[in-house]
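Asker: Sequence and predicted structure below; questions after.
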Amino acid sequence: RFEMQIAIDGPASAGKSTIAKLVAKQLGFIYCDTGAMYRAVTLLAIQRDIDFGDEAKIMTALQNAEITFKPGETDQLVFLNGEDISLAIRQPDVTNNVSQVSAHPRVREAMVAKQRAIASQNNIVMDGRDIGTTVLPNAELKIFMVASVEERARRRFAENQRKGIETPLATLVQEIEARDQKDTTREVSPLRQADDAIRIDTTALSIDQVVAKILDLAADRA
Ligand code: C5P
């Protein structure tokens, strides 16, 4: 067991990955984006033309596919059968269907096993929806990151512009709310704040302020 695991959970576009990457860099820990795993499975279903509701077919495809991760210059890179899918998994067709795919119990079981294996070998900052509650229940530090839906949509809009994705702001608000609704109401490990997680509302905070806060909390637990 390594010395520290930091779990960062929260709803869509609350700033988890931006913050998690910076915290990991500062501490020299690895960063694991668990959402990217569910996104990769969703892309696999799209590529194989599998119905998002068909858990058995998705599992068969998953067993015959190789999904791997590699820390990149700025982002974690994701590969599906050797192909770099890091950009493809951020496209709206993946984003708007990932919650249906991630709700399947066997899909979750397979991804959680991968996540725990990575965490067992490294000091880690892991972000997702169920890290503090299910994946790493003994994490030394658990953060539950939230922000108003308007602020989250604005941030996503700006991020999309940089990537050349054009979705109107009002649509983004609806998509974020729909995804949160699915993620909080699914049966298996829904999005929920762990009892021992610290809630941080990032609506009015800068990235640097949130990073500094988490580094302080981590130092207290070291
Ligand atoms: O974090 P990101 O927005 O990329 O996550 C995409 C989707 O993956 C979430 O909306 C959720 O359905 C699923 N997810 C999950 N459990 C995690 C991380 C992500 O169910 N630990």
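Answerer: Great, that's in hand.

Asker: and Leu141, what are its phi and psi?
Answerer: phi -130, psi 130 (degrees, to the nearest 10).

Asker: Give me the pLDDT value at it.
Answerer: With respect to pLDDT, Leu141 scores 98.

Asker: Against Arg179, how distant is the residue lying closest to it once chain neighbours are set aside?
Answerer: Leaving aside its sequence neighbours, Leu141 sits nearest to Ile6 (Cβ to Cβ, 6 or more residues apart in numbering; 4.7 Å). Where C-beta positions appear, they are placed from N, C-alpha and C, glycine not excepted. Look at Ile6 and Arg179: by Cβ to Cβ, to the nearest Å, they are 24 Å apart.

Asker: mind checking the longest helix of the protein?
Answerer: Looking only at the chain and at elements set by DSSP state H, the helix with the highest residue count is helix 169-185.

Asker: Can you tell me which helices and strands that one packs against?
Answerer: helix 92-95, helix 98-102, helix 149-163 (3 or more Cβ pairs under 8 Å, 6 or more residues apart in numbering; DSSP states H and E).

Asker: what comes into contact with the shortest one?
Answerer: Taking contacts as Cβ atoms under 8 Å, 6 or more residues apart in numbering, the residues outside helix 92-95 that touch it are Arg39, Thr42, Leu43, Ile46, Ala88, Ile165, Thr167, Glu175, Arg179.

Asker: just checking, the second one touches Gln91?
Answerer: So the one you mean is Thr42. No - here Thr42 does not reach Gln91: they are 10.2 Å apart, not a contact under Cβ atoms under 8 Å.

Asker: is any part of the one helix or strand in the chain whose mean pLDDT sits lowest close to the ligand?
Answerer: For the chain, counting by mean pLDDT, DSSP states H and E, strand 67-71 ranks last in confidence among helices and strands (a mean of 84). No - contact of strand 67-71 with the ligand (Cβ under 6 Å from any ligand atom) is absent, the minimum separation being 13.2 Å.

Asker: could you say what helices and strands that strand packs with?
Answerer: Using 3+ Cβ pairs under 8 Å, 6+ apart: strand 67-71 touches strand 30-33, helix 34-47, strand 76-80.

Asker: No further questions, thank you.
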